[in-house]
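> take a look and give me a structure for this.
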Amino acid sequence: MKYIAIWLVTAILILAPSFANSSAAKSYRVMRYTESFPPYYFGDGSSQKGIVRDIFDALAKETGDTFEFISLPYKRALYQFDTGKIDIEPMSNPAWRKSSSVQGVYTTPFAVSEQIILYDVKHYLPVSLPEDLLGKTVGTVTGYTYPVYGPYFADGRINAHQLKNENKLIQMLLAGRLQQSIMNKDFALYKIKTEHLKDQLIISKPCNVVDMMIRFHPSKKEAIPKYNEAIHKLLKDGTIKKIYDNYR
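Below you'll find the model as predicted:
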């Protein structure tokens, strides 16, 4: 009986961490915009998950948590976060949410979002300062903010040609109706790769770089330490880099 008791105690001690991890696992509602924006996320029915889903799959393995992705239009998704009906904005930065009624709490950065200038290769111009584009027309997306070039668009020193989305900007570049446009680097790289546009389009150095973090609703702030630890591991072992590289 003595040996049986020792065996039981040992078994309990071995299994205890597993039970602890299981009981600590949570389920979170994650916002997903209905608009497709590859390579971060793809439309419903696509065989590709995208960077966001791939990263959260990796996080699930580290944390034991599960995620329900809620597809909503952009403004409604942000409102649902403010009201606590959504727990997570998967890619965000405090600078983007200054006017939100609920600021949220943020993890450590896991990547960066870079704005670049995408050129028709025939009109490529190395740019180091906004002044290099004085008097020129630059394609932009309606409703987007441009921290570096915004003041130049506002006073007309650089002409902003606004279009609905990045796809429209690329179409205009390929048609020769624009010479340069500002857009997200990952989007541009994905389009160049999948549509074989390497000989037609060229990317500038980043003109604005913003840290990407996971934004939690304040009611879920207890999750931050666990996710910071998971992000650190995924950065250290190269998992996040591999995910991004799959789409570049």
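> just how off-centre is the helix or strand where residue 171 lies within its chain?
For residue 171, the host element (DSSP states H and E) is helix 166-174. Using CA atoms, centre = their mean, to the nearest Å, the mean C-alpha position of helix 166-174 is found 21 Å from that of the whole chain.
> kindly report the same for stretch 74-85.
17 Å.
> do you know how far the spatially closest residue to residue 26 that is not a sequence neighbour is from residue 33?
Leaving aside its sequence neighbours, residue 26 sits nearest to residue 65 (CB to CB, 6 or more residues apart in numbering; 5.0 Å). Where you see a C-beta, it was placed from the backbone N, CA and C, and this is true even at glycine. Taking CB to CB, to the nearest Å as the measure, residue 65 falls 21 Å from residue 33.
> now do residue 241
From residue 241 over to residue 33 the distance is 24 Å, taken as CB to CB.
> neighbour count winner among the two?
residue 33 (18 against 12; other CB atoms under 10 Å).
> helix, strand or coil for residue 240?
Taking DSSP: H, G, I helix; E, B strand; the rest coil as the rule, one finds residue 240 in the helix state.
> then the helix holding residue 171 to PDB, C-alphas only?
This file holds the C-alpha atoms of helix 166-174, laid out as PDB (Å, rounded to 0.1, in the frame of the first residue of the first chain):
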ATOM      1  CA  GLU A 166      -4.600  49.000 -53.100                       C
ATOM      2  CA  ASN A 167      -5.800  46.800 -56.000                       C
ATOM      3  CA  LYS A 168      -7.000  49.900 -57.800                       C
ATOM      4  CA  LEU A 169      -3.700  51.600 -57.200                       C
ATOM      5  CA  ILE A 170      -1.800  48.700 -58.700                       C
ATOM      6  CA  GLN A 171      -4.200  48.600 -61.700                       C
ATOM      7  CA  MET A 172      -3.500  52.300 -62.300                       C
ATOM      8  CA  LEU A 173       0.300  51.700 -62.100                       C
ATOM      9  CA  LEU A 174       0.200  48.900 -64.600                       C
END
